[in-house]
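how does the following fold in three dimensions:
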Amino acid sequence: MLEARNIFYSYGDGTKALNNINLKIDKGEIVALLGKNGAGKSTLFLHFNGILIPDKGEILIDGEKLQYDKKSLLKFRQKVGIVFQNPDDQIFAPTVEEDVAFGPLNLKLPMDEVERRVTESLRRVGMSGFEKKAPHYLSGGQKKRVAIAGILAMKPEIMILDEPTAGLDPLGASKIINLLQELNDEGITVILSTHDVDLVQEYVNKVFVINDGEIIGQGKPKDVFSDKELLNKAHLRLPLIAQLFERLEKNNIISNKNNNYPLTIDDAYMEIAKLLK
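Predicted structure coming up:
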């Protein structure tokens with residue numbers, strides 16, 4: 001559904017940000033781009049709907065090469081919506097409803113359709129009743145939800161979120177992740193960037209590991225987190241659940257020769273239940 005082929009990109013000062021990026025994401029997946037801060041995650045995301053233009057390489061959406069003229073960009077951005085790490089970079093209208101309506105209005109939709117999309121999108125993110133509220137009075141989590149609503153109002157097929165839980169308290173982060181799972185269940189392909197290894201293993205189907213502008217590994221979470229050499233190279237750690245089982249192994253309480261530790265609460269529960277039998 002979305003593919004990056006041989007993407008190279010350097011900043012204006014000559015700093016190389018992306019070096020021959022290749023990845024492919026299938027329809028209906030929840031995918032994580034995992035890497036330390038500064039690894040190139042945000043820069044890559046900005047290529048996925050034409051905000052940045054690669055020095056070399058190409059982006060394909062549904063097999064069609066991304067073009068950078070105004071008409072083509074509008075078409076592709078209806079399919080691929082990006083939610084920035086800081087919602088203040090995305091929300092700019094005087095009221096919540098005006099902000100969510102901005103995209104549909106740019107599509108020149110009839111007003112009754114714009115109003116329907118605004119109402120439905122705010123309902124989906126749990127922000128009904130905030131239509132007349134000024135965004136700067138909202139909490140960080142509420143702003144994040146409004147930013148997501150603004151993308152939902154465009155009815156995207158792919159939603160990209162840069163550090164979706166950054167700056168949120170645990171409950172707010174959990175609500176955002178649950179919302180993304182619901183959207184994925186409804187058919188939206190979800191791509192998120194994060195350095196939070198404890199977020200990845202519970203929610204995603206596939207992980208791409210990025211370091212210094214290069215994809216250095218990919219696979220299911222259990223494959224990525226069983227590769228200690230890969231984690232070390234990417235300056236990442238094991239998820240906390242896996243660290244617990246690693247310590248149990250070091251103390252000869254369990255035996256695990258393949259570093260294939262439980263990654264989710266459900267898997268950990270099953271393993272502990274076996275130990276207690």
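
residue farthest from the centroid of the protein?
Lys277 (39.4 Å; Cα atoms, centre = their mean).

any idea how far it lies from Leu263?
Noted for Lys277: a distance of 22 Å to Leu263, by Cβ to Cβ, to the nearest Å. Heads up, the C-betas are built off the backbone N, CA and C, glycines and all.

ok, Lys65 next?
With Cβ to Cβ as the criterion, Lys65 and Leu263 are 36 Å apart.

the two - which one has more neighbours?
A direct count of neighbours by other Cβ atoms under 10 Å for Lys65 and Leu263 places Leu263 higher, at 25 against 12.

OK, contacts around the more buried one?
Shown in contact with Leu263 (Cβ atoms under 8 Å, 6 or more residues apart in numbering): Gln201, Glu202, Pro221, Lys222, Phe225, Pro239, Ile241, Ala242.

just those residues now: which is nearest Ile21?
Pro221 (20.5 Å; Cβ to Cβ).

that closest one is in contact with Tyr203, isn't it?
No: under the criterion of Cβ atoms under 8 Å, Pro221 makes no contact with Tyr203, lying 9.1 Å away.

which one of those two has more residues nearby?
Pro221 (22 against 18).

those strands in the stretch 51-200 of the chain, which residues are they?
Secondary structure of the stretch 51-200 of the chain (DSSP state E, counting those that start in this stretch): strands at 56-61, 64-65, 80-83, 158-162, 189-194.

name every strand pairing with the shortest one and say which way it goes.
Sheet partners assigned to strand 64-65 using DSSP bridges are listed as strand 56-61 (antiparallel).

kindly report the same for the last one.
Sheet pairing for strand 189-194, assigned by DSSP bridges, gives strand 30-34 (parallel), strand 158-162 (parallel).

can you add distance to Val100 and give the strands of the stretch 51-200 of the chain back as TSV?
Converted to TSV, the strands of the stretch 51-200 of the chain look like this (distance: least, Cβ to Cβ, whole Å):
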stretch	distance to Val100
strand 56-61	24
strand 64-65	28
strand 80-83	12
strand 158-162	15
strand 189-194	19
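
turn those into CSV, including distance to Asp89 and mean pLDDT.
Formatted as CSV, the strands of the stretch 51-200 of the chain follow (distance: least, Cβ to Cβ, whole Å; pLDDT from 0 to 100):
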stretch, distance to Asp89, mean pLDDT
strand 56-61, 22, 94
strand 64-65, 28, 92
strand 80-83, 10, 90
strand 158-162, 10, 91
strand 189-194, 15, 91
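
so which of these is nearest Asp169?
strand 189-194 (16.5 Å).

how far away from the center of its chain is the closest one?
Its chain's C-alpha centre and that of strand 189-194 lie 2 Å apart, by Cα atoms, centre = their mean, to the nearest Å.

over to stretch 107-115?
28 Å.

buried set for it?
Residues Leu109, Val114 are the ones in stretch 107-115 that count as buried (16 or more other Cβ atoms under 10 Å).

report the mean per-residue pLDDT for it.
For stretch 107-115, the mean pLDDT works out to 92.

ends of that stretch, what's the gap?
Start and end residues of stretch 107-115 are separated by 13 Å (Cα to Cα, to the nearest Å).

check stretch 84-91 too.
10 Å.

ok, now stretch 254-270?
End-to-end for stretch 254-270, by Cα to Cα: 13 Å.

quick revisit: a markdown table for the strands paired with strand 189-194, including distance to Arg123 and mean neighbour count?
Formatted as a markdown table, the strands paired with strand 189-194 follow (distance: least, Cβ to Cβ, whole Å; neighbours: other Cβ atoms under 10 Å):
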| stretch | distance to Arg123 | mean neighbour count |
| --- | --- | --- |
| strand 30-34 | 22 | 25 |
| strand 158-162 | 17 | 23 |
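
what about the ones you listed, which gets the closest to Ile215?
strand 30-34 (8.7 Å).

show me the contact partners of that closest one.
So strand 30-34 is in contact with 25, 41, 44-45, 180-181, 184, 189-195, 197, 199-200, 203-210, 224, 234, 236, going by Cβ under 8 Å, 6+ apart.

can you check stretch 242-259 too?
Contacting residues not belonging to stretch 242-259 are listed as 201, 225-228, 237-238, 261-263, 268, 271, 275 [Cβ under 8 Å, 6+ apart].

among these, the buried ones, what's the PyMOL command?
In PyMOL, the members of the contacts of stretch 242-259 classed as buried (16+ other Cβ under 10 Å) are selected with the following command:
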select buried, resi 201+225+226+238+261+262+263+268+271
